[in-house]
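Chemist: need a 3D model of the following:
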Amino acid sequence: MEELFGQFSLGLFILQTVLFIGLIFLLKKFAWKPILDAVNEREDGIKNALLSAENAKKEMQNLQADNQRILQEARLERDTMLKEAREMKEKMIADSKNEAQAQGLKMIEQAKATIESEKNAAVAELKAQVSNLSLEIAEKLLKDELSNKESQVKLVEKMLGDAKLN
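Modeler: Take a look at the predicted model:
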């Protein structure tokens, strides 16, 4: 074993140990704190970055959920608007049909009234013409009847006979 430690010197070992402990002390005093601070800062930075990434991920999920909700609301609103437009169109068509029917019935009633008034006027005119014609015929007959004396006497006697019977 001495061959392994053949050049071993206790003084050198102690000096190296003291130097090593001094180096550790100096590192601890001057370098250890900045190194630990740098490591801690890096660790904090990594934690903050992970937290920020997690927050960004959550925010992205919230935005996606909001986008889905807004898209769903837009679809519902579109469907509602289309339904209202269809209902309005159907109502307008029904109103137009009803108005057209009412106008048609009104026109038919007006036509009937016009036809009736024209018919009444024609009947009245026909009656007037018939009565005028009847009067003209009666006048001509009476002139012919009353033109001779003998016919006049017969007519008067006949009328007197008719009047007595009534």
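Chemist: what element comes up after the helix or strand that contains Glu43 heading to the C-terminus?
Modeler: Using DSSP states H and E, Glu43 sits in helix 33-146. Following helix 33-146 in sequence order, the next helix or strand is helix 149-165 (DSSP H and E).
Chemist: so, low pLDDT: which residues of this protein?
Modeler: Along the chain, the parts satisfying pLDDT under 70 run over 1-7, 145-146, 164-166.
Chemist: what's in contact with stretch 41-55?
Modeler: Stretch 41-55 has contacts (C-beta atoms under 8 Å, 6 or more residues apart in numbering) with no other residue. Glycine gets a C-beta too; all of them are placed from N, C-alpha and C.
Chemist: send the alpha carbons of it over as PDB?
Modeler: Extracted in PDB, the C-alpha atoms of stretch 41-55 (Å, rounded to 0.1, in the frame of the first residue of the first chain):
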ATOM      1  CA  GLU A  41     -34.100  33.200 -10.500                       C
ATOM      2  CA  ARG A  42     -34.000  30.700 -13.300                       C
ATOM      3  CA  GLU A  43     -36.300  28.300 -11.400                       C
ATOM      4  CA  ASP A  44     -38.700  31.200 -10.700                       C
ATOM      5  CA  GLY A  45     -38.500  32.300 -14.300                       C
ATOM      6  CA  ILE A  46     -39.300  28.700 -15.400                       C
ATOM      7  CA  LYS A  47     -42.100  28.500 -12.900                       C
ATOM      8  CA  ASN A  48     -43.500  31.900 -14.100                       C
ATOM      9  CA  ALA A  49     -43.100  30.700 -17.700                       C
ATOM     10  CA  LEU A  50     -45.000  27.500 -16.900                       C
ATOM     11  CA  LEU A  51     -47.600  29.400 -15.000                       C
ATOM     12  CA  SER A  52     -48.000  31.900 -17.900                       C
ATOM     13  CA  ALA A  53     -48.200  29.000 -20.300                       C
ATOM     14  CA  GLU A  54     -50.900  27.400 -18.200                       C
ATOM     15  CA  ASN A  55     -52.800  30.700 -17.900                       C
END
